[in-house]
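> Sequence first, predicted model second:
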Amino acid sequence: MHIDQTEKKWVWITVLMTVVMVGVLTVYAVGNNVHPPSGFEPIDSSRLHLTDEFAEDNLGYKDNGDGTGTLTMVGARYGFYPSTVEVPVGTPVKIRIASADVLHGVHVPYTNFATMIVPGYVSEVNTTFMKTGDYSLLCNEYCGLGHDHMWSRLKVVAQGS
Ligand code: CUA
């Protein structure tokens, strides 16, 4: 097989460039201790209602009995379910939320709770709500015509109430 000299030269230049770029990435990743995100938890968004955890009756806040709680929610066009949730103030809460359809985001103003909700994955956030009051859960990823109306209510209440 005949390969033109110029073509041969460029084949080697391409190989060299690839080796250099992969090398730079490797050195950077190892040097800075960069890892891919861990803890990806896939879930079948079309069958959320058939899972134990995300079935409608099992959504909401649960006391774990050890001073922490778990809040399980579903985001779907156009709302977060349950539409009103109550969590105790000053309590570490693990929030687990999944989308039943498209990409959503959730953001609670005046708190540090914000995450994307990517269909096919469970989003998990650990936070502690420090002030009692009524907050809004807002969708912050455009998800369709009803995006502006996609919100629900979070009540942070006194412990033991
Ligand atoms: Cu859901 Cu925007």
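Perfect, thanks for sending it. Numbers count the residues shown, from 1 in each chain.
> Residue 136 is in contact with residue 110, isn't it?
No: applying CB atoms under 8 Å as the test, residue 136 and residue 110 come out as separate, 9.6 Å apart. The way it works is simple: take the backbone N, C-alpha and C, and place the C-beta from them, glycine included.
> Do you have the strands of the chain handy? List them.
Ranges of strands within the chain are 60-63, 69-76, 79-81, 84-88, 92-99, 104-107, 114-117, 122-128, 133-138, 151-157, based on DSSP state E.
> ranking the ones you listed by burial, who's on top?
Stretch with highest mean neighbour count among these: strand 104-107 (a mean of 23; mean count of other CB atoms under 10 Å).
> Which residues outside that one are in contact with it?
Defining contact as CB atoms under 8 Å, 6 or more residues apart in numbering, one finds that strand 104-107 is touched by 75-76, 80, 97, 113-117, 137-141, 143, 150.
> change it to 7 Å
75, 80, 97, 114-117, 137-141, 143 (CB atoms under 7 Å, 6 or more residues apart in numbering).
> circling back: including mean pLDDT, could the strands of the chain go into JSON lines?
Shown next, in JSON lines, are the strands of the chain (pLDDT from 0 to 100):
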{"stretch": "strand 60-63", "mean pLDDT": "96"}
{"stretch": "strand 69-76", "mean pLDDT": "96"}
{"stretch": "strand 79-81", "mean pLDDT": "95"}
{"stretch": "strand 84-88", "mean pLDDT": "96"}
{"stretch": "strand 92-99", "mean pLDDT": "95"}
{"stretch": "strand 104-107", "mean pLDDT": "95"}
{"stretch": "strand 114-117", "mean pLDDT": "92"}
{"stretch": "strand 122-128", "mean pLDDT": "92"}
{"stretch": "strand 133-138", "mean pLDDT": "96"}
{"stretch": "strand 151-157", "mean pLDDT": "96"}
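> Can you say which of these is nearest to the ligand?
strand 104-107 (3.6 Å; CB to the nearest ligand atom).
> For the closest one, output the C-alpha coordinates as PDB.
Presented in PDB, the C-alpha positions along strand 104-107 are these (Å, rounded to 0.1, in the frame of the first residue of the first chain):
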ATOM      1  CA  HIS A 104     -35.600  20.300  36.200                       C
ATOM      2  CA  GLY A 105     -33.700  22.200  38.800                       C
ATOM      3  CA  VAL A 106     -34.700  23.000  42.400                       C
ATOM      4  CA  HIS A 107     -33.700  26.000  44.400                       C
END
